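Asks: From the sequence below, what's the structure:
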Amino acid sequence: MDLFSERWLEEENFSEDDIRVSEALKKIRQWLESESESDDMCVYGDECRIFALAMKKTFRMAPAAGGVVLTNNGFVSIIRNGIPDLPKGHIEAGESPETAAVREVEEETGINNLHIIKPLPDTWHCYRLNGQWVLKKTSWFLMSCDYLKDFVPQTEEGITEIKIVRKEQFPMFLEKTFASIREMMKSFNFSI
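Replies: Below you'll find the predicted structure:
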């Protein structure tokens, strides 16, 4: 079962007083407040639905989309707030993940004429923003483009540099990027 199944996160038919949801909320909050990076929380079987409902009460959902743009000798990466990253951003109301991914890559890098090759595994991560927990699901797509011209980093998004990651640089990129991106890149056996 998928804890983050969208159908469970959209479900509204549960009681605020449901003791199982209340217990799950306590466990989630304890986990979030834990200072240990090695504290994992695993949920199995029937608990998945209850935890998904409790998570909906804990987090603001933030759907996003982005792309891994292949070049003839690597892929395009960005440096956002000093960390190697991939171009991505929020999905706007009424926008499909595919449309959002292309738009965000264009906005953050200045690359045009993008083509989606195939979807990649989704990633999930959470963070605190203005005192509220946010759960971000990012839909990823493998992309190509007709040509690369001068890159234009979207500085208002904290992007200071855009570069091509070549095969010999790939291990360093994985080491320094976010865990969710690292796992997504590993999961489809990315190789340049």
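
Asks: Residue 61 contacts residue 138, doesn't it?
Replies: No - between residue 61 and residue 138 there is no contact under C-beta atoms under 8 Å: 11.9 Å. C-betas here are computed from N, CA, C, even on glycine.

Asks: between these two, who's got more neighbours?
Replies: Taking other C-beta atoms under 10 Å, residue 61 and residue 138 do not tie; residue 138 has more neighbours (27 against 13).

Asks: Secondary structure element holding that one?
Replies: Per DSSP states H and E, residue 138 falls inside strand 132-145.

Asks: got the CA positions of that strand in CSV?
Replies: Output of strand 132-145 as CSV, limited to C-alpha atoms (Å, rounded to 0.1, in the frame of the first residue of the first chain):
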residue,chain,number,x,y,z
GLN,A,132,3.5,25.1,8.9
TRP,A,133,4.5,21.7,7.7
VAL,A,134,4.4,21.3,3.9
LEU,A,135,4.4,18.0,2.0
LYS,A,136,5.6,18.3,-1.5
LYS,A,137,5.0,15.7,-4.2
THR,A,138,7.1,16.4,-7.2
SER,A,139,6.3,14.8,-10.5
TRP,A,140,9.5,14.3,-12.5
PHE,A,141,10.0,14.0,-16.3
LEU,A,142,13.0,13.0,-18.4
MET,A,143,13.4,15.8,-21.1
SER,A,144,15.4,16.7,-24.1
CYS,A,145,15.7,20.0,-26.0
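
Asks: which other residues reach the helix or strand that it is followed by?
Replies: Scanning forward in sequence from strand 132-145 by DSSP H and E, the next helix or strand is strand 159-165. For strand 159-165, the external contacting residues (C-beta atoms under 8 Å, 6 or more residues apart in numbering) are 71, 73-80, 82, 84, 108-110, 151-153, 173, 192.

Asks: how about 7 Å then?
Replies: Strand 159-165 is contacted by residues 71, 73-80, 108-109, 151, 153, 173 when judged by C-beta atoms under 7 Å, 6 or more residues apart in numbering.

Asks: Which strand residues bridge residue 124?
Replies: Beta-bridge partners of residue 124, counted by DSSP bridges, are residue 137.

Asks: Equivalent analysis for residue 89, please.
Replies: Judged by DSSP bridges, the bridge partners of residue 89 are residue 65.

Asks: and the residue nearest the centre of the chain, what does it touch?
Replies: In the chain, the residue lying closest to the centroid (C-alpha atoms, centre = their mean) is residue 138, at 3.5 Å. Residues in contact with residue 138, defined by C-beta under 7 Å, 6+ apart, are 64-66, 88, 122-123.

Asks: Which of the contacts of strand 159-165 fall in strands?
Replies: Residues of those located in strands (DSSP state E): 71, 74-80.
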